[in-house]
Every structure is written in C-alpha cells, then in structure tokens.
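Engineer: Give me a model of this one.
(4 chains)
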Protein chains: 4
Amino acid sequence: MCRWLAYSGSPILIEGLLYKPEHSLIDQSRHARMGVDTTNGDGFGVGWYGSRPGREATLFRGVGPAWGDVNLRELAGSVSSPLFLAHIRASTGTPVQQSNCHPFRFGSWLWVHNGSIRSFPQLKRELVMAVRPDLYPYLIGSTDSEVMFHLALTFGLQDDPVAAVECMVGFVESVGRSYGVPDPVQMTVATTDGDRVWAFRYSSEGDSRTLYFSTAVSALRELYPENANLSRLSDETRIVVSEPLGELTGAWQPVPESSYGIVRKGNDMLGDFHPRLP
Amino acid sequence: MCRWLAYSGSPILIEGLLYKPEHSLIDQSRHARMGVDTTNGDGFGVGWYGSRPGREATLFRGVGPAWGDVNLRELAGSVSSPLFLAHIRASTGTPVQQSNCHPFRFGSWLWVHNGSIRSFPQLKRELVMAVRPDLYPYLIGSTDSEVMFHLALTFGLQDDPVAAVECMVGFVESVGRSYGVPDPVQMTVATTDGDRVWAFRYSSEGDSRTLYFSTAVSALRELYPENANLSRLSDETRIVVSEPLGELTGAWQPVPESSYGIVRKGNDMLGDFHPRLP
Amino acid sequence: MCRWLAYSGSPILIEGLLYKPEHSLIDQSRHARMGVDTTNGDGFGVGWYGSRPGREATLFRGVGPAWGDVNLRELAGSVSSPLFLAHIRASTGTPVQQSNCHPFRFGSWLWVHNGSIRSFPQLKRELVMAVRPDLYPYLIGSTDSEVMFHLALTFGLQDDPVAAVECMVGFVESVGRSYGVPDPVQMTVATTDGDRVWAFRYSSEGDSRTLYFSTAVSALRELYPENANLSRLSDETRIVVSEPLGELTGAWQPVPESSYGIVRKGNDMLGDFHPRLP
Amino acid sequence: MCRWLAYSGSPILIEGLLYKPEHSLIDQSRHARMGVDTTNGDGFGVGWYGSRPGREATLFRGVGPAWGDVNLRELAGSVSSPLFLAHIRASTGTPVQQSNCHPFRFGSWLWVHNGSIRSFPQLKRELVMAVRPDLYPYLIGSTDSEVMFHLALTFGLQDDPVAAVECMVGFVESVGRSYGVPDPVQMTVATTDGDRVWAFRYSSEGDSRTLYFSTAVSALRELYPENANLSRLSDETRIVVSEPLGELTGAWQPVPESSYGIVRKGNDMLGDFHPRLP
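Structural biologist: Residues are numbered from 1 along each chain as shown, chains lettered A, B, ... in the order given. Model (predicted):
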C-alpha cells in the first residue's frame, strides 16, 4: 500500500520529517491511519539531492521495516537536504527486495508511488513491451510502480511531466480495457528532477489514495516548536505527504481527486489531471 | 511485545497453525489484537521436533517480518511435526538480529517468551552474573528473554521446570527490588524438552500478557474443516497460544493469572505459579 | 560465476554434500578452485524433493553468503532427500536478491545454472519477448539464468528437455548474432522434474565452465568413511557437480564439452549437445 | 579476520579509499592478500566525522558482504569526510549481525579491530565482568573486539589511549594466563576521538596481523592521478591500513611489531607498545 512524502525548501535534516513529527513517516510504517493497512514494513527508501554536484540524487533503500533500521536513523540525523523523497512500502504482491523499493531513479529523476495497477501480472507483459527499448534495461525490479515510471519516461517525462504521466495513465487504462480489467490505475505519485516536484493524485475508480500538501511554512514552524532555525526557512518550503505528519488544524490541505501539483520556485500550482492516449 | 504458540499432538504441517487459521500467527504478525502493539515484525522463529533422532529440535529463525518470509512459508508447507514452538517478535529495545529471535535452544530444550524485564539495561549485569559460569558462553544474543532462559537453566530447568522458573522469577524480582525497579517481570513463557511442554503466565504487577490453551482436539478439527485426516488426531493434541487462532466459541480457554500448565501424555495439568527465591 | 550440485539416489541428509566433504559446496562458496572467482557469496539456494506429496520441490534460498547461514546449516542437518539441487551464487551483474537465487522453479521442475549470457542487458528485451506469454508472469527476478529457464520451458522443456535446451541455446545464439554479440552462451545447467536429472555443459566459445559426475556409489562411500549406512545406498546414486567435492582419484569424471547427461533409473546416459533453432 | 583502514586529512569522498584504489578495501573484501583468509564478507562498517556538529561520528554498518552493498556504494560517493574508519569483517566465531560490525562507538570515540582473543568463549565471562558496570549496558554485541574496546574505556581510553590499551592487553593476557590460554591477544586496532587517531599493532605471540601507514600525501596524489584537487590536500593527510591499497613503491610503511602510532596535527609519532597490568 505504501506511504510517502516529498520535501522542498530550505535544507533540513531528513529526520525532521522522517522521525520527529508526531505522526512521522516512521510512525506511519507501523500505524498508518489513512491507507489500506496500518503496516508498511516491506522496505523503505530515501532519495535526496544536495550531496552531489549538479542534480543527482543519493539513494538509500532497505528491505527491512523502516521503524527498526538503525542505518536509516543514523543517516536521517546527519543528512541535510533541500529536496528529498521518502517512501515506506507495503507490497501489493511483488517480492520484498531492494530493487523493488522506491524511490526509483533515472538520471536526475526520482519517482515514488502509492497504489497499484489492478491485475498487474495479467497486464505486465504488454505494459513492459511498451517501454522504449533503450529504457528497458533500466527496469531492475518487478513492481508496477517501476513500470509506470518507465512508461512515463517513454512518454516524455523529462520534457513535460504532466503530459507524460497523463499518457502513461491513459495507456495503462487502455490496456486494462482490452484485457477486461476494470479501473486499472490507483495512484498517488511524486516525481522530481531535483529542482521541481510534481505530485499526482488519480485513480480510474475516482477514489484515490490520500494525498496532502502543507499550506505554508508556518506549518513547518509548528512542527519544530523547539527549533529556532525555522525562522530562517524560506516561504518556498513545501511538504507533500500521503497522510499528514501531525494534527495541526489547517496545516494540511488535501490534494483533490484527479489533480496534479507542481512545487517550484515562485508560485506552486494545482491543476486538473486528464488521462490521455499517447 | 511478541506472540507465540506451542503445539503438541499428532504430527501436523506447521502451516496448519502458522498460516491456515483465520487469525493465524502470521496474521498476528501484522494484526495482533490482544498485545501491546498490532505489529510483530522484528523477526520470527520456529523450533520443531521429529526431524532429527532423539529429542533434538531443528531451528529456523529470520530477522525480517514473518508475513513476508518466503522461506518460512515453504518450510511450513513441508515440515510435519508432533511438537513445535513458533514465535513472532516485537522488540522491547534490543537489536533485531537472528541471535535475538526465539525460540532459544539449549540441548534438547526450547524457550519462547512474551513480555519483558522492566529496566533491563539497569538490571542486566547482575542477572547475567548469576547465570551459571558454564552456561554463560551459551548466551548468544542480548535479550532479557534469553537471560531468563539461562537463569531458569541455572536454577534447574532440566530437572524441575516449574521450580526453576519460579526461582528465576523470584530472583529477578529480588534484583529488581534492590535496584528500586517496581514490578520487574512480565511474561508468558513456553518451554519444552521435546516431550512435554510447560507454559507459564505471570507478571509482578498481576496483569499479564494474554495466554490461551485449546480445550479439546475438536478445536483443531474445526480449524481444518477441509482436512479429513483430523479424525486421526489423538486426544492428546493441545495448542497453547498468546491469542486465539480463531473465534470458535468455547475452543479457547484463558490460562489464569499466576498459573502454569503442563502438556504431556495422559492428563495435562494446571497449577498455581509462586515465585520463590533460589 | 556460481557453483552447483545435483544429487540423485538413496535419501541422504543434505549436509552430506553441502557441508561434510573436504571440498563441500559450502567450502566452494569461499574457496572455489575451478571457477572465475574463488568467492560465491551472493546468495544460495537448495531445492529438494521428498518432503511433499507428488513431485513438488521445497525451496530454500537466502541472499547472504552460504558459508555463514545458520538456517541453511540447521536445515541441511535435518532434511533427508533422494533428489536435490543446490547452488551458490556469484552475481554476473544482476542484483543480489532472493528472486535471483537458484534453483528456479516451475511446477515440479527446478533449474540451476553456472555461466551467463554475454551482453545480457543488450539482448534481454528480445529474449524475454520470446518467452511464451502465459509463462511471462513467472519471471520473478532479473537474471539471465531465469530467462534461459523460461525459454527452455517455452521450447518444450517439460516434454523433451534435451531438445528444448538445444533450442534455447540456438535461439540465444541467433539473437546474439543479430546484435553482433560473439559467443553469447556460457553454461552448465542442471534441471529436473523430481524424477530424472538432466545436466548440460556447453558454451558458444567451446570453453565451458567445469562439470563433473560421480563414477559410482563407491565415490560416495569414501566421502562418508564413518557412515555405516552407505552400504545401503543404491547403485543408482549419482552426483553431478561444478567441481569435485573431494580429491578421491577416479571418483569424478569430467562431462565433455558440448554434452548432456541424463540421470535416471536404469542406465544413465551421456550424449552430444547440438544447439538448434526452434 | 578482517581488514580496516583509517583516514585523516583534508576531506575526501569515502569512495576514494573504499572503491577507487587498485586494491581498495572493497577489493580486499574478496581478495585480501595478507590476512588469514581472502574473503571478508561477514559484514562491514564505516564511521565518519564531519557530518554532525562537534565530534560525533555517523555510523553505517551492514551485515552483507561489502562488495555487493549498493547503499555503501551510494553513500561512499556522496559523503565527504576529513576523518573516517572503515572495516570489513571475517567472523572469528561470533554471529554475523549488525551489532557485531565495526566500528564500535562510544560517545565521540570509534574503534576497529583485526584479530581475536584466543579461546574467547572460555575467557569472556571474566573479561566482561571487568568492564566498568556503568559501561556494561553499552556492550550491544558479542564480539571479542567490542569487549576489548570497553575494557580500554574502563582503563581510561578517553584520557590516555595508549596507556589504556596497554592495560587492556595486559589484563587480557593475565586472564589468559590464569586459564592456561597461551598467546591470547592478536590485534591491530585503530581508535579515534574524531580529532586524533591511535593505531596499534601487537600480538602476544609476536607475529601480528599486518598494518601499514602512508608515508606522505604524495602517496595519495598518486592514488588519484586523475584528480586535480589533490594539490589542495594538506600534508597532514595520513592513511593507516591493514594492507596497502596499491602497489606504489615506497608509499606504504609497515608499522613495526609491538608499536603504536598517533596521527594528529603537527608531527605524527610512533612508539613502543608495552602491555601493562591495570
């Protein structure tokens, strides 16, 4: 089932969102409230920018439950980043292995996903064969999430992410139709090139996994009551999460059904998501 | 926190209790109902008799969550045993590692435990020092559970298990008292020599982790409605569990506070548990 | 690079070949003598028959080095089988994960492989596309070995194993040719349906990984000098190995280049292996 | 058996010593030349300073072989540090688990060790009981290496490291004598407080595991022929290693038997190591 979060803004320690909040991502690995299951213990991953030159992310993924991973705790307390994605996994059928942990990476891009493709074993061959042949060797694992990423890359993610993801969804839905699979797509997705973050919330059935964004940096300030540095955070700071990290009234706004958001310098934006055929 | 089960009777496939029932031990690894936490994903273990000559158990322990372990599923579907203990772990502070998984083994004996010793880091040195020196090298891990086992061995578990466990508890409580630690002991325990099984339910505070035993083999027959072989099960068959594997009315009886039970050929027995000083 | 062994004959404890001999498979995981590298520490697996009804194998695979796996040691000392395959892995590029460990399984069939497909990332898409669509969902991992198995299944492994493997190799070589990849296939393979065992030794370059078979049960008797039971072993007993388990003169015979062998009741046979186009 | 390295000097990427050199530490995990065994695949660890305020190290330890760890490769390519210790493990009997991986940490101190205490299971209880009671709870694993560290802490490592380690060795040797164990201590050790690094080479039998130090920063410059930044490295730069990372003539000097070295600002020093009784 999975839960994920995306952070963009002033550099902060990763533990600031993974461990510190009342309902942190680590808490959600054992006590998720808004997902299919309370437990997300089938692996985890974090991809962060800022430690390498240019826009290249560093990835850290583990196959054990996030709540018990000592290395993750160590790293989260020592890595500071202006942009990172983190994900905790609940497998929807594919093996628990590092190559099936999110975020997935291609070049400077990262991708996380919550949801699934219905009847994926039945549709997989056709979907995989539509991945551009030069991208095919980069399919390392066996998840639907990774295939969705590579289809989006095939349809031009690096040039126009919104259109590419709309094409990916449209394509998966058409393949589903041809196999008699109803409502094939269930997703919230975040993807980033290390500069901007695109978030999507959509499902074929119109009842999507939850997704929220933080309203203003004031939300972050109240997440860190003891941290005087927060006054230095820029107003650009934005968090996108599967479920809120705390219960601060008004701090979290739901992303509407069939929507996408772009987090970037200047004004972020929210728009309607329309699957289209490629 | 942990959950465990003990089986004694006609040989059955281990999956019969680990996977098949409605609220199997594997289900309890993610959705425990009567414990401190719903998740018991910090490792697991099974010890079974019958595969080796004499009374020697075979151990299989893993550090990942039980629900996702493919090898466990394979083995459970191929190993048949007349006596086995199985355990799923929720760490109370010590590392997640194979040497901290139950069952613990010494000679032909196995031991599983649900609960903890309060303020264990503070009491540990004194408790470990009281383990008989020739037994000390067999302390492989770092749990309170394993120390309790070796103290029980020190106090004569192999000769008189009930008296030995009473002494172990009495000793731990006295050490706790000397360090100002209130109500040090919280436990349900099962231990076996491959022939009989002893189960204990006790806590210093008089509010112990749950423990149940099956009333009659009829409980098993209804757990396996599709299995014609059940008519061959002997009336000796007995299951002891942290929480019931199903909701069959009358099939499960709670073990009373401060009690122990002995599962053996002929009449099983239930008695009062009285900690004593060694 | 890998090393493997296949056993067929009277039931023996798996440890008899995995641990006991002077140059056991476990020794080969750290000190292989005839392979590309001395270390084969990227996972392991054992598939054995006899524990389940019919001809269904039980699989046990781990991602850590075989030499340190405590569970493997336990199982090997308690599982007795008349037919088993065991494999220790040295990755040729694909991730170390359980789904990439051999033996691979399909129905009652098992498959182990030592070697590789040259330039596999470049050829993979075309090879995978040739796997029969109904078999495609059974490709769980990302190895060339598993793809070779599924191509062999596609070409009729379950009906005529030798012809199917010859077609598989012929097909891979033809795809290699079309991509300008010289000498694509390097292999020793064992596959079994739980009754007979087929072993293959072939490489496009005519310089194949080593493969040996035991000459007679007398070889086994000398591997177990302390075991009086060996007199009960049938003359059907046969071991096929990547490299000999001991240094007994005359006990091991090399399988010739471009050959296959069939281990079965009655006379085993050795024949010439000729890749053919499907 | 193990291999380790210590780096002190201008900040460099950890991969610069772990992966890049001809005979890097990762290469030594599979092809060590000067140790007891060629394989050191029973876990690994890195502790580095500079990522946290003050002198606190960040630890990353894994239980799998270092050569295959994807996370280690990622981190090594993104973490830059002026002082770090790295270790690859070959177990001398204790379990393979994260709590048994080096470096061990206490406060701002790190400790790595190559070698063993002979007959450790026999001596362990007495050695552990000599650890200062308030330090006892910090013994997390089960290795001789960790016990040696805590004995050194007991004898004043944080005040006078050389004297403390001399006392630790003297004590272990005296306990060994009382148990009739000849030549109990075999060691090379590095320990650091984040500012200076102490290295030791000693064995009771006078035939110690190998240890080398780099003669001058010129050695580093020739390890990085393609890296123009090396001209910025300070002359303070020093590497201490179990075995040389390359074959540059004159770049590596053996640490003599029964010696210790101190790496620090200003002149490093080399002195005689004399075990003493505490």
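
Engineer: Please count neighbours and contacts with C-alpha atoms only from this point.
Structural biologist: Fine.

Engineer: just for chain A, where's the confidence low?
Structural biologist: Under the criterion pLDDT under 70, the flagged ranges of chain A are A:218-220, A:223-224, A:227-233, A:249.

Engineer: For it, which residues are neighbours of chain D?
Structural biologist: Contacts of chain A with chain D, taken as Cα under 8 Å from any Cα of the partner chain, map to A:51-52, A:58-61, A:71, A:74-75, A:78-79.

Engineer: In a markdown table: those, plus secondary structure.
Structural biologist: Conversion of the residues of chain A next to chain D to a markdown table gives the following (DSSP: H, G, I helix; E, B strand; the rest coil):
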| residue | secondary structure |
| --- | --- |
| A:Ser51 | coil |
| A:Arg52 | coil |
| A:Thr58 | strand |
| A:Leu59 | strand |
| A:Phe60 | strand |
| A:Arg61 | strand |
| A:Asn71 | helix |
| A:Glu74 | helix |
| A:Leu75 | helix |
| A:Ser78 | coil |
| A:Val79 | coil |
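
Engineer: for these, which one is nearest chain C?
Structural biologist: Distance to chain C across the residues of chain A next to chain D (Cα to the nearest Cα) is lowest for A:Arg61, with 13.3 Å.

Engineer: In contact with that closest one, which residues?
Structural biologist: If a contact means Cα atoms under 8 Å, 6 or more residues apart in numbering or on different chains, then A:Arg61 has A:43-46, A:98, A:101-102, D:71 as its contacts.

Engineer: Between the residues of chain A next to chain D, which sits nearest C:Ala66?
Structural biologist: Nearest to C:Ala66, judged by Cα to Cα, of the residues of chain A next to chain D is A:Arg61 at 23.4 Å.

Engineer: For A:Leu248, give its distance to chain C.
Structural biologist: Here the criterion is Cα to the nearest Cα, to the nearest Å. By it, A:Leu248 lies 41 Å from chain C.

Engineer: That residue and A:Ala6, how far apart?
Structural biologist: To A:Ala6, A:Leu248 is 18 Å away according to Cα to Cα, to the nearest Å.

Engineer: For the stretch 101-250 of chain A, which segments are assigned as strands?
Structural biologist: Ranges of strands within the stretch 101-250 of chain A are A:104-106, A:109-117, A:185-192, A:197-203, A:212-214, A:238-241, based on DSSP state E, counting those that start in this stretch.

Engineer: As CSV, those strands with mean neighbour count would be great.
Structural biologist: Below are those laid out as CSV (neighbours: other Cα atoms under 10 Å in any protein chain shown):
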stretch, mean neighbour count
strand A:104-106, 22
strand A:109-117, 26
strand A:185-192, 24
strand A:197-203, 26
strand A:212-214, 22
strand A:238-241, 25
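
Engineer: closest to chain B out of those?
Structural biologist: Nearest to chain B, of all the strands of the stretch 101-250 of chain A, is strand A:109-117, at 18.3 Å by Cα to the nearest Cα.

Engineer: chain center to the closest one: distance?
Structural biologist: A distance of 6 Å separates the centroid of the chain from that of strand A:109-117, by Cα atoms, centre = their mean, to the nearest Å.

Engineer: That one and chain C in contact?
Structural biologist: No - Strand A:109-117 lies apart from chain C when judged by Cα under 8 Å from any Cα; the minimum separation is 14.4 Å.

Engineer: Can you pull out the residues in contact with that strand?
Structural biologist: So strand A:109-117 is contacted by A:1-4, A:47, A:56-57, A:85-87, A:92, A:102-105, A:144-145, A:149, A:184-194, A:209 (Cα under 8 Å, 6+ apart).

Engineer: got the angle for it vs strand A:185-192?
Structural biologist: 170 degrees (axes from the mean of the first three to the mean of the last three Cα atoms, to 10 degrees).

Engineer: Surely A:Cys2 touches A:Arg89?
Structural biologist: Yes - assessed by Cα atoms under 8 Å, A:Cys2 is found in contact with A:Arg89 at 4.4 Å.

Engineer: Please say which of the two ends up with more neighbours.
Structural biologist: Between A:Cys2 and A:Arg89, counting by other Cα atoms under 10 Å in any protein chain shown, A:Cys2 is the more crowded of the two (31 against 27).

Engineer: OK, contacts around the more buried one?
Structural biologist: With contacts defined as Cα under 8 Å, 6+ apart, A:Cys2 is in contact with A:35, A:40, A:87-91, A:113-115.

Engineer: again, but for A:Tyr136
Structural biologist: For A:Tyr136, the contacting residues are A:128, A:150, C:125, by Cα under 8 Å, 6+ apart.

Engineer: same check, this time on A:Pro137
Structural biologist: By Cα under 8 Å, 6+ apart, the residues touching A:Pro137 are C:121-122, C:124-125.

Engineer: From the contacts of A:Arg61, which land in helices?
Structural biologist: Per DSSP state H, helices hold the following members of those: D:Asn71.

Engineer: which one of the contacts of A:Arg61 is nearest chain B?
Structural biologist: Checking the contacts of A:Arg61 against chain B with Cα to the nearest Cα, the nearest one is A:Gly43 at 10.0 Å.

Engineer: Quick check: the closest one touching A:Gln98?
Structural biologist: Yes - with contacts defined as Cα under 8 Å, A:Gly43 counts as touching A:Gln98 at a distance of 7.4 Å.

Engineer: can you list residues touching both of those two?
Structural biologist: Residues touching both A:Gly43 and A:Gln98 (Cα under 8 Å, 6+ apart) are A:61-63.

Engineer: now those in CSV, with distance to D:Arg276?
Structural biologist: Putting those into CSV (distance: Cα to Cα, whole Å) gives the following:
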residue, distance to D:Arg276
A:Arg61, 46
A:Gly62, 45
A:Val63, 47
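
Engineer: residues near the nearest residue to A:Met129 once chain neighbours are set aside, how many?
Structural biologist: Using Cα to Cα, 6 or more residues apart in numbering or on different chains and skipping residues adjacent in sequence, the residue nearest A:Met129 is C:Met129, 7.8 Å away. Neighbour count of C:Met129, defined by other Cα under 10 Å: 15.

Engineer: about what we covered before: I'd like to know which of the strands of the stretch 101-250 of chain A lies nearest to B:Asp27.
Structural biologist: That would be strand A:109-117 among the strands of the stretch 101-250 of chain A, by Cα to Cα, at 22.0 Å.

Engineer: Given that closest one, what are its sheet partners and their directions?
Structural biologist: As defined by DSSP bridges, the strand partners of strand A:109-117 come to strand A:104-106 (antiparallel), strand A:185-192 (antiparallel).

Engineer: how about the helices in the stretch 101-250 of chain A?
Structural biologist: Per DSSP state H, counting those that start in this stretch, the stretch 101-250 of chain A has helices spanning A:120-129, A:144-154, A:161-178, A:217-223. These are given in chain order.

Engineer: winner for burial among these?
Structural biologist: Among those, helix A:144-154 has the highest mean neighbour count (mean count of other Cα atoms under 10 Å in any protein chain shown), at a mean of 24.

Engineer: Check the gap between A:Gly266 and A:Arg3 for me.
Structural biologist: For A:Gly266, the distance to A:Arg3 - Cα to Cα - is 27 Å.

Engineer: I'm done for today, thanks for sticking with me.
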